[in-house]
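Novice: model the structure of this input:
(chains A and B)
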Amino acid sequence: MNQFPHGWGRPRDDVYGAYDSSYLNSTEPVSHTQRPIVTGTSVLGVKFNGGVIIAADNIASYGSLARYDNVERLLQVGTHTVVGAGGDISDMQYLHLLLDNLLIKEQYPADDHALLAPQVHTYISRVLYQRRNKFDPLWNSILTAGADPKTSEPFLSYVDLRGTTYTAPALATGYGAHLAVPILRRHVPDEEACASLSQEDAEKLVEECMKVLWYRDARSGVKYSWAVVTKDGVTTGNNKIENQSWKFAEMIKGYGAQNV
Amino acid sequence: MASQYMLPHVQQPPSFHSTASQPRQHQWSPYTENGGVILGIAGKDYVIIAGDTRSSEGYSINTRTARKIFDVGSGIVLGVVGMSADGEELARKVARRIDDYKRNHDKHITVNAAAVMLSRILYAKRFFPYYCQPLLGGLDEDGVGAIYTYDYVGSFEREASRAFGAAASLITPFLDNQINLKNQFVPGTNGDEPRKPGDLPMDRVEKIVKDAFTSAVERHIEVGDGLQLVRVTRPPPREAMEDEEEVDEREKTAGGGVLTEVMSELKKD
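Specialist: Numbers count the residues shown, from 1 in each chain, chains lettered A, B, ... in the order given. Down below sits the predicted model:
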């Protein structure tokens, strides 16, 4: 019998030969995500009186190829939160797994304490910040939208692959930050303006912004998902951009305004 | 200046003239810069720390309502400018450590002890630094205003006034002149007797702070939107307080100083 505890419960060297541990000593360095592969584009969010609306299209691109055209980038987390993700789709799906597990864990105590949007946002921001500290980022820009079930106070915040977080009356990720935010800020420059924006007007505003993105963002899609969160919970839907007019395209020559 | 600081771990980009056969790799950077400016001034019985509330990335404004000055407990304030994710993490960590100190020792940490602690926290990340410049303020054991200033890796110094961030180079000479009274002389002495700095009343300093920010907003694109100003002052004398409970409550929550925050507007263009 082998008297050394180290050998107990292991395949015997005299029978099976010495353990081949060469695979553990790879000469290759550990590789991390260097760049996103399959990507989603912008996510939009606007706070209004009594809630928040969030929208993202259903395209997942592989470079400039529109690889998948029916991808859901909005995820409902619990009863009063929706998380929208842009950037790498597989990283987004991994994050969805984490959020699902988090939610299951939170169900166990059955203590009537539910995770709300601020907690979900903090959780995601901690995950993303820790991954950036490991030089292995989750390549996403994420909006978390929600409303308080008691006060109906809307919540909207952003976090990205470096753990940078901020909140504003209207937010957008990716190209939306350049194309949609200026339009959104015209209507909701501050929190007071949100308080006097109706849900109907907010929906119209998002519809308009998604149309602008469809016209100008080459990685966007014509179909998009939206979600509204109020104190009563989450309402979701799908939309297709209608009444398109490409008349302006005839006028475009070169890369900008030109008189040729 | 942030841009001059060479981070040790980041690979230098390959030379443009390197041999074509070698593959060029683009390294992802864990760092970003969110702009803004903070400013701290210590008086003989007060401290003022102020910061703008704009957060930006490149030419985009993220939000107009981001705070850079944090109440970290025990009457101590921390201002951070640079990368906001690192700054907020640092503020959380400092607040947590100050709270731990209070629970372990049943007394508030002093500002100078907190200052050394912050230095250690920064140096602990010497080879993956927090990309932010911190400014710690509070009243010392004699009730005198103290501002401690740091670099990214924990070198620190107690100073009377300091500006950090995007428009620090614009504000610093203004502070030299208006707070430290550089190049100012007593009227009627024909430039022979320099004015002595110190003893500026708090309301005058607050006006100087506001002027510093409104001027920085005019000349720096990353500064603007709002002004967050935090004062640390001595608590009112015991007898001036309503009752013992109020005294006890205040002594439980604050250390040497009492914090008040004032928000005001800056230009948003």
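
Novice: can you give me the helices in the stretch 1-150 of chain A?
Specialist: Per DSSP state H, counting those that start in this stretch, the stretch 1-150 of chain A carries helices over the ranges A:13-16, A:89-107, A:117-133.

Novice: tell me the pLDDT at B:Ile48?
Specialist: pLDDT recorded at B:Ile48 is 98.

Novice: going by contacts, tell me the helices and strands next to the helix or strand hosting it.
Specialist: Element membership for B:Ile48 (DSSP states H and E) is strand B:46-52. In this structure, strand B:46-52 packs against strand B:37-42, strand B:69-73, strand B:76-82, strand B:132-139, strand B:145-150, helix B:202-219, strand B:226-233, with contacts taken as 3 or more C-beta pairs under 8 Å, 6 or more residues apart in numbering or on different chains; DSSP states H and E. Placement of C-beta: from N, CA and C, glycine included.

Novice: could you check whether the next helix or strand after it is close to chain A?
Specialist: Downstream of strand B:46-52, the first helix or strand assigned by DSSP H and E is strand B:55-57. Yes - with C-beta under 8 Å from any C-beta of the partner chain as the criterion, chain A is reached by strand B:55-57 at B:Ser55, B:Glu57.

Novice: what pairs with strand B:55-57, parallel or antiparallel?
Specialist: Strand B:55-57 sits in its sheet next to strand B:60-63 (antiparallel), going by DSSP bridges.

Novice: run through who's touching the partner strand.
Specialist: With contact meaning C-beta atoms under 8 Å, 6 or more residues apart in numbering or on different chains, strand B:60-63 is reached by A:158, A:164, A:166-168, A:177-178, A:181, B:34, B:54-56, B:225.

Novice: circling back to that earlier point, mean neighbour count, the helices of the stretch 1-150 of chain A: which tops it?
Specialist: Comparing these by mean neighbour count (mean count of other C-beta atoms under 10 Å in any protein chain shown), helix A:117-133 comes out on top with a mean of 20.

Novice: list of residues touching it?
Specialist: Here helix A:117-133 makes contact (C-beta under 8 Å, 6+ apart) with A:77-78, A:80-81, A:83, A:95, A:98-99, A:102, A:115, A:137-138, A:140, A:142, A:144-147, A:155, A:157, A:159-163, A:165, A:229, B:30, B:85, B:89, B:128.

Novice: wait, which of the helices and strands packed on strand B:46-52 is closest to chain A?
Specialist: Between chain A and those, the shortest gap by C-beta to the nearest C-beta is with strand B:226-233, which sits at 10.2 Å.

Novice: centre of the chain to that closest one, how far?
Specialist: Its chain's C-alpha centre and that of strand B:226-233 lie 11 Å apart, by C-alpha atoms, centre = their mean, to the nearest Å.

Novice: so it, near chain A or not?
Specialist: No - contact of strand B:226-233 with chain A (C-beta under 8 Å from any C-beta) is absent, the minimum separation being 10.2 Å.

Novice: check which helices and strands that strand is in contact with.
Specialist: For strand B:226-233, the packing partners by 3+ C-beta pairs under 8 Å, 6+ apart are strand B:46-52, strand B:69-73, strand B:76-82, strand B:132-139, helix B:202-219, strand B:258-265.

Novice: so which elements touch the last one?
Specialist: In other words, strand B:258-265. Counting by 3+ C-beta pairs under 8 Å, 6+ apart, strand B:258-265 packs on strand B:69-73, strand B:226-233.

Novice: show me what it is in contact with.
Specialist: In contact with strand B:258-265 (C-beta under 8 Å, 6+ apart) are residues B:53, B:69, B:71, B:75, B:77, B:210, B:225-235, B:250.

Novice: mind listing what's buried in that strand?
Specialist: For strand B:258-265, burial by neighbour count (16 or more other C-beta atoms under 10 Å in any protein chain shown) applies to B:Val258, B:Leu259.

Novice: what's the mean pLDDT across that strand?
Specialist: Here the average pLDDT along strand B:258-265 is 96.

Novice: ok, that strand: who's next to it in the sheet?
Specialist: Going by DSSP bridges, the partners of strand B:258-265 are strand B:226-233 (antiparallel).

Novice: next, the angle strand B:46-52 makes with the partner strand.
Specialist: With axes from the mean of the first three to the mean of the last three C-alpha atoms, to 10 degrees applied, the angle from strand B:226-233 to strand B:46-52 works out at 170 degrees.

Novice: run through who's touching strand B:226-233.
Specialist: When contacts are defined by C-beta under 8 Å, 6+ apart, strand B:226-233 is touched by residues B:45-54, B:64-65, B:67-69, B:71, B:75-77, B:137-139, B:145, B:202, B:206, B:209-210, B:213, B:257-266.

Novice: make it 6 Å
Specialist: B:46-51, B:53, B:67, B:69, B:77, B:138-139, B:213, B:257-266 (C-beta atoms under 6 Å, 6 or more residues apart in numbering or on different chains).

Novice: which secondary element of the chain has the worst mean pLDDT?
Specialist: Chain wasn't specified; assuming chain A. helix A:247-251 (a mean of 79; mean pLDDT, DSSP states H and E).

Novice: wrong chain, I was asking about chain B
Specialist: Least confident helix or strand of chain B, by mean pLDDT, DSSP H and E, is helix B:244-253 with a mean of 60.

Novice: shaky segments in chain B?
Specialist: Scanning chain B for pLDDT under 70 picks out B:1-26, B:238-255.

Novice: coming back round to it: okay if I get the helices and strands packed on strand B:46-52 as TSV plus distance to A:Gln3?
Specialist: Shown next, in TSV, are the helices and strands packed on strand B:46-52 (distance: least, C-beta to C-beta, whole Å):
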stretch	distance to A:Gln3
strand B:37-42	66
strand B:69-73	58
strand B:76-82	59
strand B:132-139	57
strand B:145-150	58
helix B:202-219	76
strand B:226-233	68
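
Novice: adding mean neighbour count, write the ones you listed out as TSV.
Specialist: As requested, the helices and strands packed on strand B:46-52 are arranged in TSV below (neighbours: other C-beta atoms under 10 Å in any protein chain shown):
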stretch	mean neighbour count
strand B:37-42	29
strand B:69-73	22
strand B:76-82	29
strand B:132-139	28
strand B:145-150	25
helix B:202-219	17
strand B:226-233	21
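
Novice: spit out the contact partners of B:Asp86.
Specialist: B:Tyr130, B:Tyr131, B:Cys132.

Novice: can you map out the strands along the stretch 101-250 of chain A?
Specialist: A:140-147, A:154-160, A:165-167, A:170-172, A:223-230, A:233-240 (DSSP state E, counting those that start in this stretch).

Novice: now the second one and strand A:140-147, what's the angle there?
Specialist: By that I understand strand A:154-160. Counting by the same axes, to 10 degrees, strand A:154-160 lies at 170 degrees to strand A:140-147.

Novice: got a list of contacts for strand A:154-160?
Specialist: A:45, A:47, A:51-52, A:117-118, A:121, A:124-125, A:128, A:141-147, A:165-167, A:171.
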